[in-house]
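A.B. asks: Here is my input; please provide its structure:
(chains A, B, C and D)
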Number of protein chains: 2
Amino acid sequence: MQNASVFKVFFMSKAKKRSDCPVSCSLDIWGDKWSLLIIRDLMFAKECTYGDFLKSAEGIATNILAARLLVLEENKIIEKLAHPDSKAKVLYKLTRKGIDLLPVMIEINLWAEKYFSIPEDRKALLKEVKKDKAGFIKATTKELES
Amino acid sequence: MQNASVFKVFFMSKAKKRSDCPVSCSLDIWGDKWSLLIIRDLMFAKECTYGDFLKSAEGIATNILAARLLVLEENKIIEKLAHPDSKAKVLYKLTRKGIDLLPVMIEINLWAEKYFSIPEDRKALLKEVKKDKAGFIKATTKELES
DNA sequence: GTACTTACTTGCAAAATGCAAGTGTTTTTA
DNA sequence: TAAAAACACTTGCATTTTGCAAGTAAGTAC
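C.D. replies: So this is what the prediction gives:
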């Protein structure tokens, strides 16, 4: 199914684009309750296995996870890597396109910090972010890039 | 139904919170394909009527629009105002909490600009943003605040 | 070789979405 | 001033997506 490239081109990658608006185009890819949590996990952990995502606090269902990972991969936000220790495991990591969502992720965190009570460790991280946002983004981007 | 305050407190405002993560909390409110488009419209237009939202390029259904507006209002992202010209019309506008999503909105636009082809007029606006991001946010925030 | 881990897939019920057609006020028009 | 139009929604119903539980197939550990 994944290798049936003709079908893939026509049906899978060709998601319906609602408009040319950049916000709309973005939401077409990751505008749901789970995708940004997957991306968050990868930003914190750099690399995750399928099982790692399932362990996250929010409790994503296995079928939803598989579906989201596929869409994110099709849209080149994440990529699959062979796990060095085992052929049974798969490593997921952010592409440059995915890493470039870091500023979005940071601003979401800063907004939420202002209006919700958030965990202390996250607060500490955001304190670092606020000290030098550009520096934080640059350093983290470098670290996430292989 | 909207005035049955006991029910409202128990069932409507008490949306299920999946975790304490700021990203998760944010997505619980506006993590869908439509909410950020409503917020986008309000950031561009400052105030919108119900009909204005329906006119947007993406074509939101009337029932979905009503549902999203209610959630955004319950979560104090937007507020309803009486229209100065007519009792038949309702004006929606962003609260401070909603206006504070401007940095998120900007970063989404900048990300999308890098990876999609976007309309020229939006490109021009983003050029302004990049010239002085903090200044743009400050000025726009001031303008959106009544 | 048997049991376990890992990354998924499948089936089905429940919820959300989308479409078309109302409904009840206000406002405009004749 | 009565009828038509505008406006902000609701409602009913079909389709799609989500969520849960239970598989399955390949790889690993003992």
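
A.B. asks: Quick one: residues contacting residue A:122.
C.D. replies: For residue A:122, the contact set (C-beta atoms under 8 Å, 6 or more residues apart in numbering or on different chains) comprises A:109, A:113, B:21-22. Where you see a C-beta, it was placed from the backbone N, CA and C, and this is true even at glycine.

A.B. asks: and residue A:104, that's in a helix?
C.D. replies: Yes. Assessed by DSSP: H, G, I helix; E, B strand; the rest coil, residue A:104 belongs to a helix.

A.B. asks: middle-most residue in chain A, spatially?
C.D. replies: The centre of chain A sits closest to residue A:39, judged by C-alpha atoms, centre = their mean, with a distance of 1.7 Å.

A.B. asks: thinking again about what came up before, name the nearest of the contacts of residue A:122 relative to residue B:126.
C.D. replies: residue A:109 (22.3 Å; C-beta to C-beta).

A.B. asks: Report the distance from the helix or strand hosting the closest one to the chain centre.
C.D. replies: Secondary structure assigned from DSSP states H and E places residue A:109 in helix A:102-115. With C-alpha atoms, centre = their mean, to the nearest Å as the basis, helix A:102-115 stands 15 Å off its chain's centre.

A.B. asks: what angle do the next helix or strand after it and helix A:102-115 make?
C.D. replies: Scanning forward in sequence from helix A:102-115, with DSSP H and E defining helices and strands, the next element found is helix A:120-131. Following axes from the mean of the first three to the mean of the last three C-alpha atoms, to 10 degrees, one obtains 120 degrees for the angle between helix A:120-131 and helix A:102-115.

A.B. asks: Okay, buried residues for helix A:120-131 please.
C.D. replies: Residues of helix A:120-131 classed as buried by neighbour count (16 or more other C-beta atoms under 10 Å in any protein chain shown): A:122, A:126, A:129.

A.B. asks: Can you show me the helices along chain A?
C.D. replies: Secondary structure of chain A (DSSP state H): helices at A:5-7, A:22-30, A:35-45, A:50-55, A:62-74, A:96-99, A:102-115, A:120-131, A:133-144.

A.B. asks: Distance to residue B:136 and mean pLDDT added to the ones you listed, as JSON lines?
C.D. replies: JSON lines is the format used below for the helices of chain A (distance: least, C-beta to C-beta, whole Å; pLDDT from 0 to 100):
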{"stretch": "helix A:5-7", "distance to residue B:136": "43", "mean pLDDT": "45"}
{"stretch": "helix A:22-30", "distance to residue B:136": "16", "mean pLDDT": "98"}
{"stretch": "helix A:35-45", "distance to residue B:136": "24", "mean pLDDT": "98"}
{"stretch": "helix A:50-55", "distance to residue B:136": "36", "mean pLDDT": "98"}
{"stretch": "helix A:62-74", "distance to residue B:136": "30", "mean pLDDT": "98"}
{"stretch": "helix A:96-99", "distance to residue B:136": "24", "mean pLDDT": "98"}
{"stretch": "helix A:102-115", "distance to residue B:136": "14", "mean pLDDT": "98"}
{"stretch": "helix A:120-131", "distance to residue B:136": "19", "mean pLDDT": "98"}
{"stretch": "helix A:133-144", "distance to residue B:136": "15", "mean pLDDT": "98"}
